[in-house]
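In: I would like to see how this sequence folds:
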Amino acid sequence: ARLFFFRKYAFVIMTLVSALAVLLLWPLVAAVRPSSGRDHVLLAARASSKGAWNFVDELMGGSCVDTSCGTAPYKLIVKSTEHVADLTNVCLRVIPMGCYQTKSRCCAALAADWQQMQLLIDPGCKNAVVEAQVSGRPVTDMEVLTSNSSSWARLQLNGLGLDYWSSLDAEICITLQPPCTSLPTLCNMTTPSGRNYCVYSLQESHEEPQCCLTCQLDLGGGSSGGGDDPGSGG
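Out: Next up is the predicted model:
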């Protein structure tokens, strides 16, 4: 009778033991299995978002009172990319939007006087920026800022000297050298779909700016884009 019982339920017992073994060992298997390309994209996207939010938090933790892209009187788009030897010249076109859709104080302040721009970059690219120009005029006051609380650095261009009227068809050009000879490499930010982008901030003053309108610059490379308004305020 005992032998009959064992034969009858042996398969069930073995199945239960196998299932229990899988449940106990699965965390170990998952921990050592190689990550897929999709996993890397998702991790990069999370790191990019975290870097962008840390940037906004740092701005709001300083003198800035408004970081909303929705109140920005200008929009930046990539106009051209030119390669000469081992250098790359990337030009961003400035599109004056004005303040017709928003009546915020910061929109009016930047429309009247746009002095500074910050671009979030990979710290490994801090020596890649050779020079910058605004509509052919060299930017003589340029620096890369680093922070212990952020895994990204900031390329800061001072003395832009633009306003709503003079920004019509204006260009901001940046010359890059190895190891970062493209905007996707320089900014090193991506969405979960693999679309590349940069994060930039427009500021009305070099000394303790109150308006730090922060937007997303779409670089393409994926299946879909994201929003362009990470801030709030105004």
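
In: Break down this structure into its strands, ranges please.
Out: Remark: strands assigned in the chain by DSSP state E are 74-84, 87-96, 114-121, 129-134, 137-138, 141-145, 153-162, 171-176, 189-190, 196-203, 212-220.

In: Quick one: residues in contact with the last one.
Out: In other words, strand 212-220. 52, 55-56, 59, 64, 66-69, 71-72, 75-78, 92, 106-107, 110, 118, 183-184, 187, 195-203, 225-231 (CB atoms under 8 Å, 6 or more residues apart in numbering). (C-beta placed from N, C-alpha, C; glycine too.)

In: With A44 as the reference, name the closest of the strands of the chain.
Out: strand 189-190 (5.1 Å; CB to CB).

In: Just put the strands of the chain in JSON lines and tack on mean neighbour count, mean pLDDT and distance to A47.
Out: Shown next, in JSON lines, are those (neighbours: other CB atoms under 10 Å; pLDDT from 0 to 100; distance: least, CB to CB, whole Å):
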{"stretch": "strand 74-84", "mean neighbour count": "14", "mean pLDDT": "95", "distance to A47": "22"}
{"stretch": "strand 87-96", "mean neighbour count": "18", "mean pLDDT": "97", "distance to A47": "23"}
{"stretch": "strand 114-121", "mean neighbour count": "24", "mean pLDDT": "96", "distance to A47": "12"}
{"stretch": "strand 129-134", "mean neighbour count": "18", "mean pLDDT": "97", "distance to A47": "22"}
{"stretch": "strand 137-138", "mean neighbour count": "11", "mean pLDDT": "96", "distance to A47": "34"}
{"stretch": "strand 141-145", "mean neighbour count": "14", "mean pLDDT": "94", "distance to A47": "19"}
{"stretch": "strand 153-162", "mean neighbour count": "20", "mean pLDDT": "96", "distance to A47": "14"}
{"stretch": "strand 171-176", "mean neighbour count": "20", "mean pLDDT": "98", "distance to A47": "22"}
{"stretch": "strand 189-190", "mean neighbour count": "24", "mean pLDDT": "94", "distance to A47": "8"}
{"stretch": "strand 196-203", "mean neighbour count": "25", "mean pLDDT": "96", "distance to A47": "13"}
{"stretch": "strand 212-220", "mean neighbour count": "22", "mean pLDDT": "94", "distance to A47": "16"}
